[in-house]
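In: Predicted coordinates and the sequence they were generated for:
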Amino acid sequence: MVTAVVRARAAVAAVVDPEMPMLTLDDLGVVRGVAVDGAAVTVTITPTYSGCPAVEEMRHDLRASLTEAGFERVEVRTVFSPPWSTDWISEDGRRKLAEAGVAPPDRVGPRATGPVPLTLTAPSTAVRCPHCGAPATEEISRFGPTACTALRRCPACREPFEHMKEM
Amino acid sequence: MSPHAAEEDAANAYQSLSETTAHDDPRWAFGTGVEAASGIDGAAEITSPVPDGVDPADLAAYCRMLGDDALIYSHRLSEWVSNAPELEEEVALANTALDLLGQARVLLARAGHVEGLSGRGRDEDALAYERTDAQFQNVALAELSDDLDFARAVARLLIFSSWRLALLHRLLGSADPVVAAVAGKGVKELAYHRDYAARWTLRLGDGTDESHRRMQAALDTLWPYVGELFRTSDEERRLIGAGVAVDPADTRAEVDAVLDEVLAKATLTRPDRPFIGTIGGRSGRQGVHTEHLGHALAEMQSLARQHPDTTW
């Protein structure tokens, strides 16, 4: 029984994010649970964004990986609460993002209570260039090629890069 | 497309595609699989019990209201795809539409589930594609056309996201677990949408004479629809006591403060235009809409209505 759980966890850990394949779903922090009951396994994941189109792909890849690992019945459940935040991305995941040229998100911590403040200028938190390491870079667009990234460029090495937004 | 249709049409280019992937593989039409619907329905919270002391009909109506606002506005935002002034803005507006569509799907799935507890249940697709305009319960602000005026898009997004953020922020503690879960994710998304719109309001309002004129004109056009946002429906009034809903009237001060701050910094004037009013006390929440909703639905529903129950 214990080995089945270990086997299921290993199969889940091997699945990568469809939009950022440098990260596993574990690195991304979307896996909320793996439960094994005989030949059946239930994986619980949480979507990153409400409309994240990659969730279906994740479900499919999880099913394929667990079927490959010998589980006959695979159920992938989604759960919305508590909501995912970029703080769920592991240290390993942050390192892999930077190595792949994507600036990892800053830690945001628990949200303050009270109304959400308006930010009329770009946040002052410095985003380090993942290519040359220059500490100050500038935002090109708040919305990048995927819902979870913004586009930035580095004035030092002049390379554009994606920044995973803090959420 | 059903597997049978594919077999009948050997020349169909999609056939080879569908044959190269597993039957349930949504990859070849990324994110469009009908399986996505079962994904939402299979989500843990959707089938949660109705909170104690709550009339299921009221809860279903409330989920349709919040869901329809998001669905219809998402559709209007998506009209900017291939029409925005710059590629970056197109991506931004499409991403915003996608966030709202995600919120709508969860809320409509919940509405359909709760409706099913006392008879006929519907899935999110039936709610989106098979209702007529009088059965939608969104506010008018969500259904208007931008007429491809970018200033109008910015002004509407500023007003809508400021209001919805204030609503969802108060709904974080809703007694309904689905409403609370949507609020939990939605607050972060809407804060982002609002910041985007506020920054464009500054650029356009405090920009050239032409951009200032057009931004002010956009606000003037939309202002008569702001009053509806703070009206409280009977369903909401009953759900407030049960801790499920919040009173939209209570968001007015917060929304006004945000808009006043942005407009002042953008050198724009808060329009002095009266609320467009109701028809016999009825407006969007009661299914009374402007002529714009019909046009939006005609486009949004045409494919589903021409090919009922189609799968692909």
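Out: Yes, it's here.

In: contacting residues around B:D146?
Out: B:76, B:79-80, B:152-153, B:156 (Cβ atoms under 8 Å, 6 or more residues apart in numbering or on different chains). In this view, the C-beta of every residue, glycine as well, is placed from N, C-alpha and C.

In: at 10 Å instead, please
Out: B:76-77, B:79-80, B:83, B:93, B:152-157, B:218, B:222 (Cβ atoms under 10 Å, 6 or more residues apart in numbering or on different chains).

In: and it, what element?
Out: Counting by DSSP states H and E, no helix or strand carries B:D146.

In: would B:A183 count as being in a helix?
Out: Yes - according to DSSP: H, G, I helix; E, B strand; the rest coil, B:A183 belongs to a helix.

In: Quick check: it touching B:Q103?
Out: Yes - contact criterion Cβ atoms under 10 Å: B:A183 and B:Q103 qualify, at 9.2 Å.

In: coming back round to it: closest to chain A among the contacts of B:D146?
Out: B:L93 (8.5 Å; Cβ to the nearest Cβ).

In: and the closest one, how many residues sit next to it?
Out: B:L93: 26 surrounding residues under other Cβ atoms under 10 Å in any protein chain shown.

In: Could I get the pLDDT score of the closest residue to it other than its chain neighbours?
Out: Nearest residue to B:L93 in three dimensions, chain neighbours excluded: B:W80, at 4.4 Å (Cβ to Cβ, 6 or more residues apart in numbering or on different chains). pLDDT, B:W80: 97.

In: Assign a three-state SS to B:W80, would you?
Out: Assignment for B:W80 (three-state DSSP): coil.

In: Relative to B:V91, how far out is it?
Out: 10 Å (Cβ to Cβ, to the nearest Å).

In: picking up where we left off before, identify the contacts common to B:A183 and B:Q103.
Out: B:66, B:164, B:168, B:190.

In: ok, the last one - contacts?
Out: Contact analysis of B:L190 by Cβ under 10 Å, 6+ apart lists A:116, B:96, B:99-100, B:103, B:160-169, B:183.

In: out of those residues, who has the most neighbours?
Out: Within these, neighbour counts (other Cβ under 10 Å) peak at B:L100, which reaches 31 neighbours.

In: Surely that residue is in a strand?
Out: No - B:L100: not assigned to a strand; according to three-state DSSP it is helix.

In: Show the low-confidence segments of the chain, by residue range.
Out: Picking chain A for this. Along chain A, segments meeting pLDDT under 70 span A:1-2, A:122-125.

In: nope, chain B please
Out: B:1-42, B:312.

In: how about the helices in it?
Out: B:3-8, B:13-19, B:35-41, B:56-78, B:87-116, B:124-129, B:140-143, B:150-170, B:177-205, B:209-222, B:234-241, B:252-265, B:291-306 (DSSP state H).

In: A:F80 is nearest to which of those helices?
Out: Taking Cβ to Cβ, helix B:177-205 is the member of the helices of chain B nearest to A:F80, at 3.7 Å.

In: for that closest one, the distance to its chain's centre please.
Out: Offset of helix B:177-205 from its chain centre (Cα atoms, centre = their mean, to the nearest Å): 12 Å.

In: and the residue in the stretch 101-250 of chain B positioned nearest to chain A, how many neighbours does it have?
Out: Residue of the stretch 101-250 of chain B nearest chain A, by Cβ to the nearest Cβ: B:G102 (2.7 Å). Residues lying near B:G102 (other Cβ under 10 Å) number 25.

In: cool, A:S90 as well?
Out: Neighbours of A:S90 using other Cβ under 10 Å come to 14.

In: and it, what is it in contact with?
Out: Contacts of A:S90 (Cβ under 10 Å, 6+ apart): A:23-24, A:26-29, A:96.

In: mind redoing it with 6 Å?
Out: A:D27 (Cβ atoms under 6 Å, 6 or more residues apart in numbering or on different chains).

In: How much space separates it from chain B?
Out: 20 Å (Cβ to the nearest Cβ, to the nearest Å).

In: With adjacent residues omitted, what lies nearest to residue 75?
Out: The chain I'm using is chain A. Using Cβ to Cβ, 6+ apart, the closest residue to A:E75 is A:T42 (4.6 Å).

In: try again with chain B
Out: B:M300 (5.0 Å).

In: Quick check: the one you found touching B:S74?
Out: No - at 9.6 Å, B:M300 and B:S74 do not qualify as touching, with contact defined as Cβ atoms under 6 Å.

In: neighbour-wise, which of those two wins?
Out: B:S74 (23 against 19).

In: Following element in sequence after the longest helix seen in chain A, please.
Out: Counting by DSSP H, the longest helix found in chain A is helix A:55-68. Downstream of helix A:55-68, the first helix or strand assigned by DSSP H and E is strand A:73-78.

In: Quick check: buried residues in that following strand?
Out: A:74-78 (16 or more other Cβ atoms under 10 Å in any protein chain shown).

In: Other residues contacting it?
Out: Here strand A:73-78 has contacts from A:40-45, A:59, A:62-63, A:66, B:43-44, using Cβ under 6 Å, 6+ apart.

In: now, which of those sits nearest B:V114?
Out: For the contacts of strand A:73-78, the nearest to B:V114 is B:A43 (14.2 Å; Cβ to Cβ).

In: State the distance from that closest one to B:R64.
Out: Where B:R64 is concerned, B:A43 sits at a distance of 18 Å (Cβ to Cβ).

In: same thing with B:A296?
Out: 16 Å.

In: More neighbours: those two, which one.
Out: Neighbour totals were compared for B:A296 and B:R64, and B:R64 leads with 27 against 23 (other Cβ under 10 Å).

In: Return the residues in contact with the more buried one.
Out: B:111, B:137.

In: now it: how far from B:V114?
Out: 10 Å.

In: what does B:Y62 give?
Out: 9 Å.

In: Check A:P160 too.
Out: A:P160 is 47 Å from B:V114, by Cβ to Cβ.

In: Settle it for me: which of those two has more neighbours?
Out: Taking neighbours as other Cβ under 10 Å, A:P160 and B:V114 compare with B:V114 leading, 28 against 13.

In: residues from chain B in reach of chain A?
Out: Proximity of chain B to chain A (Cβ under 6 Å from any Cβ of the partner chain) is limited to residues B:25-26, B:31, B:33, B:36, B:43-45, B:88, B:91-92, B:95, B:98-99, B:101-103, B:181, B:184-185, B:188, B:191, B:195-196, B:198, B:254, B:258.

In: excluding its backbone neighbours, what's nearest B:A175?
Out: B:G243 (3.9 Å).

In: isn't the one you found right up against B:P177?
Out: No - with contact defined as Cβ under 6 Å, B:G243 does not reach B:P177; the gap is 11.8 Å.

In: OK, contacts around B:L157?
Out: B:L157 neighbours (Cβ under 6 Å, 6+ apart): B:A197.

In: how near is the residue most central in space within chain B to B:L190?
Out: In chain B, the C-alpha nearest the mean C-alpha coordinate belongs to B:A70, at 1.0 Å (Cα atoms, centre = their mean). From B:A70 across to B:L190, the span is 10 Å (Cβ to Cβ).

In: Could you do B:A60 as well?
Out: According to Cβ to Cβ, B:A60 stands 23 Å off from B:L190.
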